[in-house]
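Chemist: below is the sequence, then the predicted model.
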Amino acid sequence: MTLGLALMTGCSKEEIQVSDVAAQASRSNLAEATAQGVVRRSHEYIILSATDALPADLASKTAAANGKLTTELPGTGLAIATSTDPDFAAKASRISGVRSVIHDFSYQGYNPVSARETPALNESDNTNPASTGDNDRFFPLQWGHTAIQAPEAWNAGARGRGALVAVLDGGFDLTHPDLQANIQESVSYVPGEPAQFASTAFSHGTHTAGTIAAVDNTIGVVGVAPDAKLLLVKVLADGGRGSFSWMIQGIYYAVAHNADVINMSLGAAIPRNSKYLDDNGTPDDPSDDKVVNETKEIQELLVAIGKATTYANKKGTTVIASAGNDANNGQRDQDLVHIPSGATGVISISATGPIGWALNPLTADLDRVASYTNYGTSDVDFAAPGGDAEYPGNEIVTVAGVRQYAFAFDMVFSCTSAGRYSWSAGTSMAGPHAAGVAALIVGKNGGQMAPAQVRAVLRASADDLGKTGRDPYYGYGRVNAYRAVTTGFQAQ
């Protein structure tokens, strides 16, 4: 589920856009719909070594198997190659030290949304806790910060300084006034597309980055860790589609550039046993796609992603990913695996969100389980605010000077393209809240903190909601920024 509402800045009147609630694939046909969304890339390959070291002279050995080695990722046991030889995988698999050779797969990492216009906004007043001293214009709309006690963490002196968060996502508005000062570096792994988001539509990457570390500058919104720095890594095209090899390379880049935390608000729910489309070497022409059954390749794809995330953990990078928006019980339906949240060493985040917050902002349940979130005791580590659009009414209300549909206020408000702001909902919005808390933890530690320690602090400080202990919906609990930077270190 991705729902967006964009807001223009820098004008005397702001234009607001609210997305239509996009219909999701029928849950009864979930496996079929997901399989159809994942496409095997006929000429693109991932080479998996039997160990974390790549075989010697792999480039020449790949060439001898009628392929071309394009990328080596030392330390992960992974490499990327291309070949037009249909027997390349079989030939390259015989290279000494190679575990397997599989096709790369593309997937829809998130779904772009269409929008409709709504009435203009008036100036808003700051109604967040006065003790924060914060005067960013749209801070009052960030109920997620209230849910995780981010303002209290700031008051305790924790703002994320010294932490670097890598955001693996679609394109980014690199000149957004609430992001620019915190952007340390940006890079794109999408062929033909720069890191800069190229349109004025909803920018998923900009939205997630803003939730993590929007600058506290009196302009618009504030990130959970407003003093953390951002490493923006584009691994999905602006339309939301990407390849798993781009994700793997993005993880490797983030680690190589000393990211303390990686946030991946993206992914695909993939049946372990299913049929898939093959692009037949022409990814832009679906008319000649063919159906293939590649159960073994999917199993090895999980191993490949796990090699990348394990490497990140070993190098000191905490990896966080959204649990997915399929309303799937992973404990019951173990055939469906969500990548990358299901990979080794990844902290998986489910979503929470209120219904009708705008009508009762002081009493609304901010920790209600979101209607779309994936769940399952073994599938969720923690929960965080992701928003929802389940409120059934269409009335327009005013909160802190902002006039809008009531359901919109239940979503997460953050930055988007062209210097604007947007409401959106999904586990994509929950992950950044948790990544922001992780950045606060790393900053509190003075930087460079082992992922196991970050996880331990998150667990010791989370609010244990639902059933006592780890449960299917909240995992170990909903993250709590204030407790993480105060009692969390002592309790781990």
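Modeler: Now that the structure is in, tell me what you want to look at. Numbers count the residues shown, from 1 in each chain.
Chemist: the helix or strand where E44 lies - contacts with which helices or strands?
Modeler: For E44, the host element (DSSP states H and E) is strand 39-49. Counting contacts by 3 or more Cβ pairs under 8 Å, 6 or more residues apart in numbering; DSSP states H and E, strand 39-49 packs against strand 78-82, helix 88-92, strand 98-108, helix 244-256, strand 275-278, helix 295-314. Quick note: C-beta positions are derived from backbone N, CA and C, even for glycine.
Chemist: if you set the cut-off to 6 Å instead, what comes out?
Modeler: strand 78-82, strand 98-108, strand 275-278 (3 or more Cβ pairs under 6 Å, 6 or more residues apart in numbering; DSSP states H and E).
Chemist: what domains does the record give for the protein?
Modeler: Following automatic domain parsing, one finds the domains of the chain at 5-32+109-491, 37-107.
Chemist: among these, show me which one is buried the most.
Modeler: Mean neighbour count (mean count of other Cβ atoms under 10 Å) peaks for domain 5-32+109-491 among these, with a mean of 22.
Chemist: any residues touching the strand holding E44, and which ones?
Modeler: 77, 79, 81-82, 84, 97, 99-106, 245, 276-281, 304 (Cβ atoms under 6 Å, 6 or more residues apart in numbering).
Chemist: so what strands line up beside it?
Modeler: strand 78-82 (antiparallel), strand 98-108 (antiparallel), strand 275-278 (parallel) (DSSP bridges).
Chemist: chain center to the helix or strand just after it: distance?
Modeler: Next in sequence after strand 39-49, counting helices and strands by DSSP H and E, comes helix 58-64. The chain centroid and the centroid of helix 58-64 are separated by 35 Å under Cα atoms, centre = their mean, to the nearest Å.
Chemist: pLDDT (mean, whole number) over whatever helix or strand comes next after helix 58-64?
Modeler: Of the helices and strands lying after helix 58-64 in sequence (DSSP H and E), the nearest is strand 68-73. Average pLDDT, strand 68-73: 98.
Chemist: with just CA atoms, put strand 68-73 into PDB.
Modeler: Listed next in PDB are the C-alpha coordinates belonging to strand 68-73 (Å, rounded to 0.1, in the frame of the first residue of the first chain):
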ATOM      1  CA  LYS A  68      31.300 -11.100 -18.900                       C
ATOM      2  CA  LEU A  69      32.000 -10.300 -15.300                       C
ATOM      3  CA  THR A  70      30.700  -6.800 -14.600                       C
ATOM      4  CA  THR A  71      31.100  -6.500 -10.900                       C
ATOM      5  CA  GLU A  72      33.000  -8.200  -8.100                       C
ATOM      6  CA  LEU A  73      32.000  -7.700  -4.500                       C
END
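Chemist: show me what it is packed up against.
Modeler: Counting contacts by 3+ Cβ pairs under 6 Å, 6+ apart, strand 68-73 packs against helix 58-64, strand 78-82.
Chemist: would you turn the ones you listed into CSV with distance to F139 and mean pLDDT?
Modeler: As requested, those are arranged in CSV below (distance: least, Cβ to Cβ, whole Å; pLDDT from 0 to 100):
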stretch, distance to F139, mean pLDDT
helix 58-64, 51, 98
strand 78-82, 42, 98
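Chemist: can you list these in CSV and add distance to A166?
Modeler: Shown next, in CSV, are these (distance: least, Cβ to Cβ, whole Å):
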stretch, distance to A166
helix 58-64, 27
strand 78-82, 18
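Chemist: in this structure, what spans have low per-residue confidence?
Modeler: Along the chain, the model assigns pLDDT under 70 to residues 1-36, 112-134, 274, 287-288, 294, 333-334, 491-492.
Chemist: mind listing the helices for it?
Modeler: 30-37, 58-64, 88-92, 143-147, 150-155, 204-213, 244-256, 295-314, 427-444, 451-461, 481-485, 488-491 (DSSP state H).
Chemist: closest one to S186 among those?
Modeler: Each of the helices of the chain has some distance to S186 by Cβ to Cβ; the shortest is helix 204-213, at 9.9 Å.
Chemist: quick one: work out the angle between the closest one and helix 427-444.
Modeler: Here the directions of helix 204-213 and helix 427-444 differ by 40 degrees (axes from the mean of the first three to the mean of the last three Cα atoms, to 10 degrees).
Chemist: out of the strands paired with strand 39-49, which comes closest to K467?
Modeler: strand 98-108 (32.6 Å).
Chemist: tell me what angle the closest one forms with helix 295-314.
Modeler: Here the directions of strand 98-108 and helix 295-314 differ by 90 degrees (the same axes, to 10 degrees).
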